[in-house]
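Engineer: One predicted model, sequence on top.
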Amino acid sequence: MIVPNQAVGSTLLSEIYAPIAKPRDVAAIPANLSDYQHIRDTFGWDAARELLNGLPDGRGLNIAHEAVDRHAESPRADRDALRWIGRDGARRSLTYRQLKAATNQFANALRGLGAREGDVVFVMAGRILELYIAALGALKAKCVVSPLFSAFGPEPIATRVSIGAGRFLVTTNQLYRRKIAQSRARLRTLEHVIVVSEAGENAVTLPGTLDWRRLVDTQSPDFVIPPTAPEDRALLHFTSGTTGRPKGAIHVHEAVVTHHVTGFYALDPHDDETWGGCVARLRSLRAAIPGQRRGAAQSGGGSLGPTGVWPAIPRQLVADRDWRDHDRQLRVDGREVRLDGKTAARHRRRHRAP
C-alpha cells in the first residue's frame, strides 16, 4: 500500500535501497519517441509491419523468426540474446546464434514427436533458459504456445490444459511431481511431458515423461520455419478464472507487429543496452508525451495514441527532471511517495541497503 508522504512513521524507498549510479549522458541518446505528436499523426500499421523482416522468400510472418533468427543472421549474431543468473549465482547465456540453434533443436524435437500445426504446447517453469527455448521453438514449429503460471495449484493447471487440449507440456522435474503427476491420468489430450532438470539436479526420467537433455540436445540445430500466415495461431492465454471457468484468448503471429512497435516506442530499446525487465529511458518518454507529467498516480490513465500502450509504461515515471534513481523512487506531483510500515518492512527484509 502506498500512502501520502505526510503519513506519520512512513518510509521512503530511497531510505532502504542503495543509490543506482547512472551515466549523466544517458538522456542524450535520442529517444525513439522523439516527437509524440508527429509520430501519432503519421503512424500507420503498414509502416509498423515494414519494421519487421518477415520470413525469407516472402513465406509469411513468424514471431520466432522476428525475435531470434533475423538477429542470428545479422551482425548481432554473436551478441548475448539471453542471460540467466540462478539463485546460487550460477550463470548461463545464449547468443542469438546459439538461441537460433537451440530453438531449432526444440522445433525438431516436437516434429519428431509428431507435432502438427496448431497443436498446443503448454510451458510451465521458472525463468530458466529452457522456458524461452521451448516457447520460441514451438512457434517455429507452428504450434500454439500457452504459458502456465507455475504458482498455480494442480487444479487450475489441469483445467487450463484440458480447455486448451494441450498435447505437449514442458516443465521441470519438481513442478511435474508437485502439480501434474496427480492429475495426469485425467488429462486425456496430454501425450508428451518434457521435463527439465533444474540446476544441481541429476537428470532423472520420471515415469510418463521425457528428459529434455536426451530429447532436445541430441536434435539437429537446423530447421526451416514453414510458411506462416500472419493470421496463423501463435499464443493461447487464459483469463484469471476468478469469476468462473477461465476463458482462452488466441493471439496470432501478426501480434508481433504490435509487440514490436509498442516496445520500440514505450521501452525505447537501443542496440547497446542490456535489459533486465522493464527499464527504459523514461525521462525522454515522459517529456515526449504532452500532459503526462505525473507519476504513479496516473499510471492507469492517458493513452499513447495508436500503439495503445500507456498503461504498460512502468510506474516509476518521475515528475522531476533529476535522472537519479528513477527505478528506486515513486513520485507524485514531484514529491517522493512514502510506503506504509508493513510494505517498508517487506522491502527491508528483501533488499537491505549496504
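Structural biologist: Received the coordinates, thanks.
Engineer: C-alpha from now on. contacts and neighbour counts both.
Structural biologist: Noted.
Engineer: Sketch out the strands for the stretch 151-300 of the chain, chain order is fine.
Structural biologist: 168-172, 192-196, 210-211, 233-238, 248-252 (DSSP state E, counting those that start in this stretch).
Engineer: Show me which residues of stretch 206-216 are buried.
Structural biologist: T209, L210, D211, W212, L215, V216 (16 or more other C-alpha atoms under 10 Å).
Engineer: out of those, which one sits closest to G248?
Structural biologist: T209 (26.0 Å; C-alpha to C-alpha).
Engineer: got the CA positions of the top helix by length along the chain in CSV?
Structural biologist: Ranked by residue count and defined by DSSP state H, the top helix of the chain is helix 96-112. Listed next in CSV are the C-alpha coordinates belonging to helix 96-112 (Å, rounded to 0.1, in the frame of the first residue of the first chain):
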residue,chain,number,x,y,z
TYR,A,96,21.4,-15.1,-30.9
ARG,A,97,23.3,-17.7,-33.0
GLN,A,98,23.1,-20.2,-30.1
LEU,A,99,19.5,-19.3,-29.4
LYS,A,100,18.6,-20.0,-33.0
ALA,A,101,20.3,-23.4,-32.9
ALA,A,102,18.6,-24.3,-29.5
THR,A,103,15.1,-23.3,-30.7
ASN,A,104,15.7,-25.2,-33.9
GLN,A,105,16.5,-28.3,-31.8
PHE,A,106,13.3,-27.9,-29.8
ALA,A,107,11.3,-27.5,-33.0
ASN,A,108,12.9,-30.7,-34.4
ALA,A,109,12.1,-32.5,-31.2
LEU,A,110,8.4,-31.6,-31.5
ARG,A,111,8.3,-32.7,-35.1
GLY,A,112,9.9,-36.0,-34.1
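Engineer: From the contact counts, what lies against it?
Structural biologist: Packing partners of helix 96-112 (3 or more C-alpha pairs under 8 Å, 6 or more residues apart in numbering; DSSP states H and E): helix 70-72, strand 80-85, helix 129-140.
Engineer: make it 7 Å
Structural biologist: helix 70-72, helix 129-140 (3 or more C-alpha pairs under 7 Å, 6 or more residues apart in numbering; DSSP states H and E).
Engineer: wait, V144 sits on F122?
Structural biologist: No - counting by C-alpha atoms under 7 Å, V144 does not reach F122; the two are 8.4 Å apart.
Engineer: can you pull up the bridge partners for V121?
Structural biologist: V145, F168 (DSSP bridges).
Engineer: May I have the residues that are in contact with it?
Structural biologist: Counting by C-alpha atoms under 7 Å, 6 or more residues apart in numbering, V121 makes contact with A138, C143, V144, V145, S146, G166, R167, F168, L169.
Engineer: right, and the fifth one touches L236 too?
Structural biologist: So that's S146. Yes - using C-alpha under 7 Å, S146 is in contact with L236, at 4.7 Å.
Engineer: okay, those two: which has more neighbours?
Structural biologist: Ranked by neighbour count (other C-alpha atoms under 10 Å), S146 and L236 place S146 first, with 25 against 19.
Engineer: any idea of the pLDDT on that one?
Structural biologist: What the model reports for S146 is a pLDDT of 97.
Engineer: Over to L94?
Structural biologist: 95.
Engineer: now it, what's its secondary structure?
Structural biologist: strand (DSSP: H, G, I helix; E, B strand; the rest coil).
Engineer: residue contacts, it?
Structural biologist: Applying C-alpha under 7 Å, 6+ apart, the residues near L94 are D80, A81, L82, R83.
Engineer: Buried ones from those, can you make that a PyMOL selection?
Structural biologist: PyMOL command restricting the contacts of L94 to the buried ones, with burial defined by 16+ other C-alpha under 10 Å:
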select buried, resi 81+82
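Engineer: Rebuild the contacts of L94 as JSON lines, extending it with distance to P221 and pLDDT.
Structural biologist: JSON lines is the format used below for the contacts of L94 (distance: C-alpha to C-alpha, whole Å; pLDDT from 0 to 100):
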{"residue": "D80", "distance to P221": "18", "pLDDT": "92"}
{"residue": "A81", "distance to P221": "17", "pLDDT": "93"}
{"residue": "L82", "distance to P221": "18", "pLDDT": "93"}
{"residue": "R83", "distance to P221": "20", "pLDDT": "90"}
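Engineer: Of the contacts of L94, which is the nearest to A249?
Structural biologist: Using C-alpha to C-alpha, the contacts of L94 come closest to A249 at L82, 27.5 Å.
Engineer: That closest one pairs with what?
Structural biologist: Here L82, judged by DSSP bridges, has bridge partners L94.
Engineer: From G244, how far off is it?
Structural biologist: Using C-alpha to C-alpha, to the nearest Å, we find L82 at a distance of 37 Å from G244.
Engineer: Kindly report the same for C143.
Structural biologist: Taking C-alpha to C-alpha, one finds C143 at 27 Å from G244.
Engineer: These two: which is more packed in?
Structural biologist: Taking neighbours as other C-alpha under 10 Å, C143 and G244 compare with C143 leading, 25 against 8.
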